[in-house]
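*Asks:* this one's sequence-less:
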C-alpha cells in the first residue's frame, strides 16, 4: 500500500518505472527519461533530480538511470 | 373364439355425443370377444356415435348408438354384423358416403389414427417416399401441376408459394401449418388431425423437403384439445419410426415438427398474425409485403398452408398431379372437403370434387334442416362468408363462381338456418364478431366493427333509416377496401349479403324491398 | 403460446425476465389472448358456443339459460368460485350443435335439459 | 426564425444499390429499391395523408389513410407498406381514395374528444391536420357510441402526460420505444376496440421500464403523449438548432421557444450523431438553465471565510487580473494556472489555454479530461498517431461483433446505447467486459454473447490474453499487419509468452479461460469487429497501457480503417474531445502538438505576440501537489467542480485552502466555490455561441437561444482577464475564435461557423485534404504512418483488497444524472435518482448484515462517507459500485491519489474499501 506521505514525484516516477520492469534497462531508462521530459512540469523534474542527487532510497533504480539522461530543470515552474 | 374388431370413433364430435361411453360399454359387455378400436369419424356426424364392426364381408355400420343401445345391439349380433334397427348396412355402401370422392379424407374413419402400421397399410408414406426420390424442384412442379390451391379460404396456388420459399436464400426455413380453424361451420381440419394425423405430418414433411425447410410448426387452436393431444401423440410416434427428425426415412433430410397451441384469438387464423403468435407475440396482423414465403416466421422464408392443403399433398405425390388435377372444375382443381353444419338434418363431411351445387349439398346431402322447417339462409365460408338465400342454391361450389356472386367458398363450411332466423341479427352478429375478434391494428376493423353494430341497431330501430343505410354501406365499403387483412375486409360480406337478400329483416318497407 | 391457464400479474416480471422480454411485451401478449386470464378462473369453466352454426340451433337460448341459472354474465365467475361462464366462437362441432365445453370436455346436441344437467354436475 | 418543421417522409430511407423508377401522379421519380411508395411520393413533393407512418419507424400499415391506387393491383394498397417496383404507376388522389380517407378519419373522430381549441397540441396535431387534409366535414356516427373518452391521464412522469382519451392507437409510441430506443416499455394492451397503449405491465409510466427518452412523445401524432411544458406554456413558435450539453454523444436538438422561453427540446432528425433520437437528459433536463440557484452576478471575497460580495464585472475582472499578477510577481510566472472545462465550447476552452500560455506565460493549463480520457489521448497517439477514436457512430451499424469494455452506454451514452441495441437486434454479436452485469449484458430483446466479468484493475491482463489467443491461434490478419504496422514481431514474441495465456491470467482477471478464448475467437473472426470503451478502461493505474492494448488487438486482427471496426472511446462529457483538441493539456498546443516543437510554437508566438514556454506545465493533480508545496498559488477554474469530481477530496481541499486566489467560473455555487475568492457566473449551453466536438470527432454548432443571462459570454470574460493582466486579447465574436483555431491548427483548417451552418457538422480532420471531414480514420494508412504495436506489460495496481478493506469500489454514472449533478440535480431528473446508492452483491450484504436500503459507512484508507445500499444481482461478489452525482455522498472522499502512470488520470475504478452497517432502514420503509 502506498504511504500517503511519499512525495508525489517519487510515487509517480516509481509508478512509471514499474511499467518498464521487464524491458531492457538501458532502453527503459531512455523511454522513461523521454516520458518525463515530455510530460512533467520542470519543477517536478527538478525535485526528482534533487532526490536522485540526494540518493533517496525510495527511488526505483530505473528512475535513477533515467534521471541521468534528463536535462536540468528550473525549480519554480 | 375369434376376436372381432369393433370401431368406435374417438373423434371429439363423436365423443361429444357419448362415443366414449359406448366404447366402454362394448368393451365391458363383449369382453374378449371384441377388440375395440378408436378410429376417426367417417364424417357422418348426424349418425354419431357410429359403431362399425369388421365382418368377413367388410365393415358394417350402426348408428347413432347410445350407451343404452349397446346391450341390445350385442344381443342382436352386433359382432357378426347382424341386422338391427340401428344397422346401416356395410359402411361403404351408405349412399351419403358412397357418393363422395374421399381423397384427403380417404383414411379418416377407416384407420386407427395413432397406428403407424395402419397408416402405412393404407397407403401412408407413399407420397413422402416418392417426394424424397425427386429433387425439390420436381416436387414443387408436381404440386403446381396438380392445381392444388390453399384450402384455408384464400385459394392461393400452393405450388407458387412453395416455389417462392424454395427460391429464397436462407440457412433456416419453416413450414407452418395453420390449424387455427376458427370459422364457425368448419371442422374438417380438426377431424383430419384427430382422424389421420400422419397424413398432415407426411404432407408437412413433403413441403419441407420441397422447399428446403428443416422445422415445422402446427398451430392448433386451444378450443381443440383432442386435436392437440392426437397430433402430439402422432408426432411422437413419427419420431419413433424415423419419419421425423434427423435422416427422415433414412434419407439426407432433417425435419423437426412441433405443435403450438393458440390462445383463444380467431385472428390468429390469419397467416401473418399466426406467425406473430408463433413467435410468442400479440397476434396482430402484419402488413404484406413482405410475404411470409420470403419473410415469415422469425423473418425466415416460411411455407404457411392450411391443414387440408398439406393433408392433400401426400395423395398428390403418391398418385401424381394428374389424378388430382383430373377432379374439379375450372381453376378449382381436386376435391374440397365441405362441412355441413348448423340447422341441418344430415351434417358432416362431404368430400367431393369442386363444382357440386350448393343445393345438392344442403338439400341432397344435408337433407334440409334438422328442425324440419324450411331453409331460409345458408352461410358459406365461415363467419365472414355471405348469407345466401335458397334462390342461389344453383351456385356451383367453385372459388370463381362464388366470388362472382359476392360470396366465398372459403374453407368449405356450410351453415344452414331455417326460417326462424333474423337476418338483421345475423348481420349485427357479423359486426359484433369482428369487434370481438379484431386484432385492433387497423382503423377500419378496430373502430369500424363497433360502429357497424351501432349503425345496424339504429337501422333496425328505424332511426334515420335511409341515412344510416348509406352510412352502413359506406362503412362496409371502407372496411372492404381499407382493412389490413381479410377479417375487416370480409366482415361486410355477411352484412351486405344479408342486406341484399333479406332486406325485410332490416325493417325495409315493401317499396324498398321492391327496388 | 403455451397453455398457461391464467397469468398472475405478479408473474409478469418473472416471465419477462425468463423470456428476456420487457414487462410490457408480456402484458401485451397476456391481454391479447382470451385464454390468458389475469385472475384465476372458477374451478370449472363452461364455454357455450355462440357462433353461427350453434346459433342456428338455439345457442342464444342456452346462453340466457346459463346466465340465469348461474347468476353471472359471460366472462364472470360464480361467487362461490365454482364456475366461470364464457362464450366461445366455434368448438368445431357444428354439425351436431349446440355445443358446450365443460373443462376440456366437449358436449354436442346440448338442449336445455342437457345444459341443466351439465351445470348441475359442475356446481 | 420560425418553427422548423422537418419533412416526414413516412418511412425510413432504404440504401438499396439498385434504383427503380416509378410514376406517381404523373411525376417520375428514381428511388432506391425497397423504398415505399409513400416515401417515393414524398421525395417528389407529394404528401400522402398518413397517421401511423413516420420516417424513423418501420412501416406498420395500421391507420389506412395512405391508401393509393396502383395500376394492375387490386384494391387500394397502403402506400407505406408497399415497396416501389420498376415502372409502377401510382395515383394518390382520386375521388374513391378521398372517400376512403374521409371514412377512416370519420371513424377516428367518432372516438376522439372534440376539444381542439383547448387542446395543447392545437396547431401541432397530426390528427387535426389530417382531418383538414381529407376534408372531413361530419361524423355521421355521432358521438354517443362506444368510446374511450373517459380514460384517465397518467401524469406520473415529471416531464410529460399520457392522456389516454386522446389516443388513436397508432402504436407509434410503442414502436418508437422498441425500434428507436430499444427499451420496450410500452405495449398495446387488449385487442380490437379495447386496444390501448399501456406502460409496463399496465401500471403507470413511472412504474414501467420507461427511461423517459422522449421517443414516444416525439412519435405521438396527437396530444396523447405531450410535454407538460407545452401544456403549461403553449405551442412553441420558433426553433433554434443547437447541440446538447450533456454527454459525449453530442445530440442535435431543436430548441423550441415561445418568445424567449424554451418550451421544449426536440431531437433534430438531421443531427448526424443522434438522427432524431434523445435521452432523458438532453430531451427534458434543460430546466437548470433557468433554475433560481443560478448565480448571475460576479462575486468577490478576500478570504474564503468571508461572506460573498456581489460586484460588477469590471471590479471582478480587475480583481482577478491584479491578484494573478501580484502572485506571479511574488512567486514566479509558474505559480498560477488554469483548468478548462469539457462542458464549455471549443472557443471558450481555446481562449482559456491561450490566456494561460500567452497571458500567464506558462503551460499550467489542464482540462477535466485529465480525470477521464487522458489515457485515450496518450494511448491512441502512441499507437495510431492521433488522440481520438477512429470511427463515427454510424459505423456501428456495420459491425458484426461489438466489444464493449468498461463502458455502460445505456446509462452514460444512451442515444448511442440505443443504436448499439438496434444493431444487436439486427443480429450483431456482443461481448461485454465489465465487472458489472450492465444492461447490455442482458435486457429485453438483446443479450451479450459473452460477458467477461473482469476484476477491477486487471484490464491489461484481459486484453493481453485476448491478443495472446489471436496470435497463438492463427487469428492474426497477417496481410494487414505486414502492410500497415510496425514492431509486430517483437510484440508477437512478447504476447505469445505463456504468462499471457487466458489460463495463466484466469486467476488474475477472474474470467474463465474457455470463455475468454471463445469471446476472442468471436471478435477475431468477425468480418467487422469494433471496440467501444469508456472510463472503465481509462480510469486505472494502467489506463494508458490498456488503451494501447486495445489498439494492438484491433491492429492484429485488421479491424482498423473501414466502417464497422475501430477503437472508439465513449467520451464522458459533451466536449471532452474538443477540450483536448483545443490544446488544454499542459504539454500540448492545439491539435496535439508538443510544446517543445519549435515550428508549432513559432506559429503561435507570431500570432499571439508572446514567447511561449517550451516546457510542459502542471497537470491537475500536480497543481494540487504544487499548491500544498507552496509553488502554485493562483488558479482559474472554468466550469468544473473539482472538489466533487476529483479523487481524494481531502487532498483537493487541502490544496485549494492553501492557495491565494481561486477563481471559479460556473453556473452555480458549488463545492469548489467554497474555496474560491472570486466567482464568475457562467453561461448555460442555451446562451453559448460556439461548437462542441463529440466522441466521434464531430464538430457541432452550439447556437444561442438567448443572450447570456449574466451579461457576458464566457470567452469575453477570459479575454478581459487576459487584458487586465496586460495581454491584449480580443475577438468580435466566437466565430473569430474558430477562425483562429482553423488558422493555427491543420486538422481544423477547413472549419468555420459558416461551413458548419452550411453542412450541419463535420468530423475532423477537416482541411483541404478532407474538405467534408473524416468519418473514419486511418483508412489508407495510420496518421502516424504505420500503426505501432506497443508491448503492454500487466502491472497490478497497488490498490488491493486487504483484511481491513476487503471490497473493491468502482464508480460510474446513472442514466438520469450527469457528472457532479450540478445540472441534472436541478431538474425533474432527480425523480429517478434522488441520491447516490451503493450497489452491492446480495452475498456481500448478507455477510455484513446489510439489507436493501440500509445506511452504511463506506471507508477507504483515505476517507469515509455515508450512503444507502441497493442490493444488486448485477454486482459481482467483492465489488461495490456507486455514482458521484450528489455532493452529500462525497464518493470521492474515499477515492485515492493513485493514477495512470502515463497521464495521471485517477484510478477511480479501483479503491479498496470496507462497508459497514450504520443504521438499518426503518422497518416500515423496507416494504416497498
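*Replies:* Ah, there it is. It should be emphasised that the depicted structure is a prediction, and the values quoted were computed from it without experimental measurement. Residues are numbered from 1 along each chain as shown, chains lettered A, B, ... in the order given.

*Asks:* okay, CA-based contacts and neighbour counts for the rest of this
*Replies:* Will do.

*Asks:* from chain A, how far off is residue B:395?
*Replies:* When C-alpha to the nearest C-alpha, to the nearest Å is applied, the distance between residue B:395 and chain A equals 93 Å.

*Asks:* so where's chain D uncertain?
*Replies:* By pLDDT under 70, the low-scoring segments of chain D are D:1, D:921-928.

*Asks:* domain-wise, how is it divided?
*Replies:* Each domain of chain D is listed here as a residue range: D:19-133, D:299-372+D:575-692+D:704-732, D:374-569, D:807-926, per automatic domain parsing.

*Asks:* can you redo those as TSV with distance to chain B?
*Replies:* Formatted as TSV, the domains of chain D follow (distance: least, C-alpha to the nearest C-alpha, whole Å):
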stretch	distance to chain B
domain D:19-133	4
domain D:299-372+D:575-692+D:704-732	41
domain D:374-569	11
domain D:807-926	27
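
*Asks:* between those, which one is closest to residue D:287.
*Replies:* domain D:807-926 (5.7 Å; C-alpha to C-alpha).

*Asks:* and that closest one, does that touch chain A?
*Replies:* Yes: applying C-alpha under 8 Å from any C-alpha of the partner chain, one finds domain D:807-926 touching chain A at D:901, D:902.

*Asks:* quick one: distance of that domain to the chain centre.
*Replies:* 22 Å (C-alpha atoms, centre = their mean, to the nearest Å).

*Asks:* repeat that for stretch B:496-508.
*Replies:* Distance, stretch centre to chain centre, for stretch B:496-508: 29 Å (C-alpha atoms, centre = their mean).

*Asks:* go on, stretch B:453-469?
*Replies:* Taking C-alpha atoms, centre = their mean, the mean C-alpha location of stretch B:453-469 is offset from the chain mean by 35 Å.

*Asks:* buried sites along that stretch?
*Replies:* Going by neighbour count (16 or more other C-alpha atoms under 10 Å in any protein chain shown), the buried part of stretch B:453-469 is B:453, B:454, B:455, B:456, B:457, B:459, B:460, B:465, B:468, B:469.

*Asks:* and the domains of chain D: which comes nearest chain C?
*Replies:* Comparing the domains of chain D against chain C with C-alpha to the nearest C-alpha, the closest turns out to be domain D:374-569 (4.3 Å).

*Asks:* quick revisit: what's the closest of the domains of chain D to residue B:115?
*Replies:* Among the domains of chain D, domain D:374-569 sits nearest to residue B:115 (C-alpha to C-alpha), with 42.5 Å.

*Asks:* the closest one near chain C at all?
*Replies:* Yes: residues of domain D:374-569 contacting chain C under C-alpha under 8 Å from any C-alpha: D:442, D:443, D:444, D:445, D:446.

*Asks:* tell me what the second one is bridged to.
*Replies:* Using DSSP bridges, the beta-bridge partners of residue D:443 come out as residue D:446.

*Asks:* that one against residue C:19, yeah?
*Replies:* No: contact criterion C-alpha atoms under 8 Å: residue D:443 and residue C:19 do not qualify, at 10.1 Å.

*Asks:* neighbour-wise, which of those two wins?
*Replies:* Between residue D:443 and residue C:19, residue D:443 has the larger neighbour count (other C-alpha atoms under 10 Å in any protein chain shown), namely 19 against 13.

*Asks:* and the more buried one, what does it touch?
*Replies:* Contacts for residue D:443 (C-alpha atoms under 8 Å, 6 or more residues apart in numbering or on different chains) come out as C:20, C:21, C:22.

*Asks:* for chain C, what are the nearby residues on the stretch 51-200 of chain B?
*Replies:* Applying C-alpha under 8 Å from any C-alpha, we find that the stretch 51-200 of chain B lies next to chain C at B:181, B:182, B:183, B:184, B:185, B:186, B:187, B:190.

*Asks:* now, which of those lie within helices?
*Replies:* Under the assignment DSSP state H, these contribute residue B:190 to helices.

*Asks:* now the residue lying closest to residue B:360 once chain neighbours are set aside. Its backbone dihedrals?
*Replies:* With C-alpha to C-alpha, 6 or more residues apart in numbering or on different chains as the criterion, residue B:360 has its nearest non-adjacent residue at 7.7 Å, and that residue is residue B:393. The phi/psi pair for residue B:393 (degrees, to the nearest 10) reads phi -70, psi -10.

*Asks:* check what pLDDT residue B:393 gets.
*Replies:* The per-residue pLDDT reported for residue B:393 equals 96.

*Asks:* so who does whichever residue of chain A sits closest to chain B touch?
*Replies:* Here chain A gets closest to chain B at one residue, residue A:19, 49.7 Å apart by C-alpha to the nearest C-alpha. Residue A:19 sits next to D:793, D:794, D:795, D:901 when contact means C-alpha under 8 Å, 6+ apart.
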